[in-house]
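*Asks:* build the 3D model from these lines:
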Amino acid sequence: MSDDESIDDEMPTGIFPGETDAPGGSSAGGISGILGAGAVGGSVKPTKRPRKSRSASSSSRTRPVVKLMVTSVSRSYVEPWRRKTQRESTGTGFLIRWDEGDGTNNGDNDVKKTRSSVRIVTNAHVVRNASTVRARASFGPYVVSCETEWVSLPLDLALVKITGGDWEDFCRGWGFDADVSVDGLLRVGADGTNGEIGGVGTASNNKPTTTTQQLQCLNLSTTLPSLDENVTCCGFPMGGSQISVTRGVVSRIDVDSQHVLRIQIDAAINPGNSGGPVFDEHGDVVGVASAHLRAASNIGYIIPGKIVELFLNMCRDGLQGKIEDRYCGLGISVVVNGVGDDANASNGSGGRDGNVSGEAAQEPKHVPGIPTLAILGSQNLESKALRRTLGLEDLDGGVRVCGVRDEDGEEKKDEEVRNEEEKSTDDTSKGDKLKANDVLLAIDGIPIGYDGTIQLSATRPDERINFRSLVTCQRVGSKVLLDVLRDKQRKELEVVLDTCQFLVPQYDGFDACPLYTVCGGCVFSPLTVPLISEKKSNKISSFSQYFRKQRTGNEQLLVLHKVLNDEVNVGYHGWRNMILKSVNGYTPKNIQELVDIIVRKVKGKTVEFHVQSMESEDADWIICMDTQEVLDAEQRILYRHMIASWTSTDAISRELRDAIEEGESSEAEKSVCYNTMCGMRKALGKKEKDEEK
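*Replies:* Residues are numbered from 1 along each chain as shown. As a prediction, this is how the structure comes out:
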């Protein structure tokens with residue numbers, strides 16, 4: 001984890017149940033072109049490599065490791081109208097060879113040429129919300145500026161590149177020619193094996209580009225290390241400024257909260273170690289240091305090489321997650337206009353302050369999220385009576401599907417799918433789908449046990465892991481072959497993996513962004529995991545029932561998360577963490593509908609918010625305020641708390657924005673009216689009067 005920052009074991013959220021690595025071979029993608037050849041699948045016995053002396057091994061391991069010095073400015077979710085104080089932290093990364101296209105092709109086969117470059121692999125939480133990133137060499141006073149190119153917040157991995165202005169400085173510091181190939185940095189032998197440690201790298205023009213001492217050769221291993229195998233963790237943890245090396249053993253192979261493979265080690269992982277490489281006994285990179293468990297002794301977690309390979313292959317293939325798939329379709333209108341919609345970007349239809357669109361243009365690219373089978377849950381089948389009921393007397397293993405999610409995100413239980421099960425269809429263009437009450441027996445031919453576990457690999461049958469790891473180690477959109485029992489009949493289904501779209505977004509900048517609306521001092525926001533984490537309130541845990549729910553369309557869970565005390569809201573001071581149910585009889589589905597209701601439909605003498613307390617869900621609590629007093633107090637409340645606008649830019653729908661701009665004639669009036677609820681209501685009133693005339 002980065003220095004000055006404490007990360008829990010199930011980083012970054014620790015909310016959803018986790019999964020592990022698949023026991024198959026390494027994923028396709030030719031990782032040898034990135035970190036050297038020789039990566040071996042989990043079920044294939046790795047080829048033996050010659051033992052290296054400790055001195056040679058230590059030199060080759062530590063030279064590609066860099067210290068990352070990061071300055072970050074995060075957004076506040078508790079006070080979403082501002083940003084947090086700038087903070088500085090440190091982390092670790094390591095250099096990899098990176099093949100990228102140069103925009104030309106070979107002519108005959110129309111294949112783009114590639115040129116070798118350099119990237120830095122680190123954790124996503126090290127460079128999240130970074131305003132500046134600087135990389136310092138482990139062997140000398142060489143510092144270069146960097147920028148984040150690719151990131152995966154669910155996998156906690158990031159790919160960082162050296163900025164163009166510092167490329168020549170980087171090449172001089174690391175000792176190779178900037179105008180030729182960097183094969184001397186991370187070299188791959190002609191026979192497809194990684195280059196010998198201590199050899200001399202040779203550029204495409206057959207001229208030596210580095211000395212023997214400067215050569216670095218790393219190899220990413222996708223083979224899971226054995227239990228009790230020695231591992232070495234390199235990085236820049238707290239307690240000193242120079243590189244640190246700690247040793248330990250592999251303690252456990254398990255899954256994290258997102259059902260993604262992780263490895264537990266007892267080597268010390270402290271703040272500042274995050275993003276550093278972890279080596280096995282052969283000097284191969286078997287993982288990336290990620291987190292440690294608080295209030296525990298010698299429990300650290302690393303991201304396995306197989307997951308790192310999956311991330312790098314998606315980056316190299318340009319597999320970028322669509323912004324509409326990440327967000328709920330709300331709170332990203334300016335982001336979409338600034339990045340995803342060139343037509344809208346060119347006509348200046350972005351937000352009135354321009355902050356969001358400016359950030360989006362510079363933010364790193366996100367790979368898709370973690371794939372899923374779109375099931376709501378699975379039930380172990382250790383009960384003999386239940387197995388007989390499902391027709392499993394003669395079959396071993398399997399788990400029952402408790403519910404499924406349809407294409408619109410709606411949850412379906414057993415009784416809702418019985419009629420559908422009676423209907424047959426030949427349309428398989430979108431792949432087959434699981435149904436509630438199906439019994440999942442195997443995935444891609446790998447049997448699932450009664451307890452929902454599978455063998456770790458064919459060569460390690462005594463070690464077991466959660467069956468969902470067979471899904472999370474693949475890309476979104478991949479197809480898997482499922483062996484299921486439906487109505488006591490065995491079937492084979494080919495299912496396309498989709499990504500989860502949670503009702504409560506999980507990651508700031510990936511599927512969550514801070515949105516708010518202030519009305520009469522009551523601050524309403526969509527419920528998100530970053531908001532929950534920032535509040536650090538014991539009452540927040542009562543929202544856990546919503547964490548696993550899937551959203552439907554543009555649905556959001558709106559909450560009253562604080563009240564800004566004022567005379568207009570006397571009687572409601574201290575109210576917080578309550579779910580908004582309705583406003584003057586209208587039920588808002590998301591924050592854009594809430595803003596629309598307040599400025600268009602609240603025309604009576606009072607404003608009434610019906611909210612629900614988590615301690616008593618059946619109780620109906622009412623916040624009632626005089627409408628005119630709310631309008632009169634608006635400027636006073638906003639000024640007192642230094643709030644520039646009564647609502648977020650992205651909380652105003654495109655339809656409402658167009659209606660307001662039709663009501664205001666001058667550009668100055670248009671920009672000012674958005675800042676207050678009173679101004680927006682007046683602009684809509686002008687439009688209605690003009691229509692009556």
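
*Asks:* quick one: the residue lying closest to Pro461 once chain neighbours are set aside and Asp254, what's the gap?
*Replies:* The spatially closest residue to Pro461, leaving aside those adjacent along the chain, is Gln455, at 5.1 Å (C-beta to C-beta, 6 or more residues apart in numbering). (Glycine included, C-beta is placed from N, CA and C.) Using C-beta to C-beta, to the nearest Å, Gln455 is found at 15 Å from Asp254.

*Asks:* pretty sure Trp685 is in a helix, no?
*Replies:* Just to correct that, residue 685 is Gly rather than Trp. Yes - looking at Gly685 with DSSP: H, G, I helix; E, B strand; the rest coil, it is inside a helix.

*Asks:* do a quick rundown of the helices in the stretch 151-300 of the chain.
*Replies:* 167-174 (DSSP state H, counting those that start in this stretch).

*Asks:* low-confidence ranges, it, go.
*Replies:* 176-217 (pLDDT under 70).

*Asks:* can you pull out the strands in it?
*Replies:* For the stretch 151-300 of the chain, strands defined by DSSP state E, counting those that start in this stretch occupy the ranges 157-162, 230-235, 244-255, 261-265, 277-279, 285-292, 300-304.

*Asks:* can you list those in JSON lines and add mean neighbour count and distance to Leu68?
*Replies:* Listed next are the strands of the stretch 151-300 of the chain as JSON lines, based on neighbours: other C-beta atoms under 10 Å; distance: least, C-beta to C-beta, whole Å:
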{"stretch": "strand 157-162", "mean neighbour count": "25", "distance to Leu68": "8"}
{"stretch": "strand 230-235", "mean neighbour count": "22", "distance to Leu68": "10"}
{"stretch": "strand 244-255", "mean neighbour count": "18", "distance to Leu68": "15"}
{"stretch": "strand 261-265", "mean neighbour count": "26", "distance to Leu68": "21"}
{"stretch": "strand 277-279", "mean neighbour count": "28", "distance to Leu68": "13"}
{"stretch": "strand 285-292", "mean neighbour count": "28", "distance to Leu68": "13"}
{"stretch": "strand 300-304", "mean neighbour count": "26", "distance to Leu68": "16"}
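
*Asks:* for those, which one sits closest to Asn380?
*Replies:* Asn380 sits nearest to strand 244-255 of all the strands of the stretch 151-300 of the chain, at 15.6 Å, using C-beta to C-beta.

*Asks:* list the strands paired with that closest one, with their directions.
*Replies:* Sheet pairing for strand 244-255, assigned by DSSP bridges, gives strand 230-235 (antiparallel), strand 261-265 (antiparallel).

*Asks:* rebuild those strands as a markdown table, extending it with distance to Val278.
*Replies:* A markdown table is the format used below for those (distance: least, C-beta to C-beta, whole Å):
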| stretch | distance to Val278 |
| --- | --- |
| strand 230-235 | 5 |
| strand 261-265 | 7 |
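
*Asks:* looking at those strands, which is closest to Leu395?
*Replies:* Among the strands paired with strand 244-255, the nearest to Leu395 by C-beta to C-beta is strand 261-265 (27.4 Å).

*Asks:* what angle do strand 285-292 and that closest one make with each other?
*Replies:* Angle of strand 261-265 versus strand 285-292, following axes from the mean of the first three to the mean of the last three C-alpha atoms, to 10 degrees, is 80 degrees.

*Asks:* any idea how far His259 is from Cys500?
*Replies:* 10 Å.

*Asks:* when these two are compared, which one has more neighbours?
*Replies:* Each of His259 and Cys500 has its neighbours counted (other C-beta atoms under 10 Å); His259 has more, 23 against 20.
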